[in-house]
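Asks: Compute the structure for the input listed below.
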Amino acid sequence: MKKLLAIVGMGEGNGLAIARRFAKEGYAIAMLARNETKLNEFKNSLQREGYEAHYFTADASNEASLKSALASVKNIANLEVLVYNAAVPKMVNVLNETFESLINDFQVNVAGALVAVQSVLPGMRQQEKGTILLTGGGFALYPSPDFASLSIGKAGIRSLAKILSDALKNEGIRVGTITICGTVNASDPKYNPESIAENYWNFHANPESESEIVY
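Replies: Just a heads-up that it's a prediction; the model follows:
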């Protein structure tokens, strides 16, 4: 039976590295993001490496768009792993933040994660298994006034992961967050995408993992 990973918020850093890490283990990859041109490039890149890859355009800030795309993912195979990697990584001081901007960012940073989880839960419940991973960040632990919205968002993701983990612990569905406490950089010995992606695989492969991996 085909194993399937879906990534919401696919990008060329963590997203592509996570996709490759799971593809190496035999997973087909479903990628969701707004930019179809980039998605097609990622698909072609993975396919050239011999991996099965699909893409679906979706806006993480739009509930209907996200639900529709994830419904289409189900046509590939039963979803085993969901990674929510979407975020609005803007730099705006808390004193300059606005009501509208904060709400709009929260839709992507947190609310979209819950929508994604709710969308895939029926299938995972039917299988009585599944892994859900939410991309966290060090701002959840060390909030910054200059990254106010993102700090609030990552705090929300951290809480959401722990709440979901507790809510689903008796259903065979594991929920976790990778709290990345550094800036992702391809040349960084620790915070390069490949090393970060290893944490996602380790959580999935180890049933005894805690709901949060601080990296």
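Asks: Just give me the residue closest to the centre of this protein.
Replies: Closest to where the C-alpha atoms of the chain average out (C-alpha atoms, centre = their mean) is Y84, at 1.9 Å.
Asks: What does the pLDDT read for it?
Replies: Note on Y84: pLDDT of 98.
Asks: Correct me if wrong: it contacts L114.
Replies: No. Shown here, Y84 and L114 do not form a contact pair, counting by C-beta atoms under 8 Å, at 9.1 Å. Where you see a C-beta, it was placed from the backbone N, CA and C, and this is true even at glycine.
Asks: For the residue nearest to the centre of the chain, give me phi and psi.
Replies: Main-chain torsions, Y84, degrees, to the nearest 10: phi -100, psi 110.
Asks: Quickly list what it is bridged to.
Replies: V8, L134 (DSSP bridges).
Asks: and the gap between it and G26?
Replies: According to C-beta to C-beta, to the nearest Å, Y84 and G26 sit 22 Å apart.
Asks: Please apply the same query to V81.
Replies: V81 is 12 Å from G26, by C-beta to C-beta.
Asks: and if you look at V110?
Replies: 32 Å.
Asks: Who has more neighbours out of these two?
Replies: Set side by side, V110 and G26 show more neighbours around V110, with 23 against 10, by other C-beta atoms under 10 Å.
Asks: so who does that one touch?
Replies: Residues near V110 by C-beta atoms under 8 Å, 6 or more residues apart in numbering: 153, 156-157, 160.
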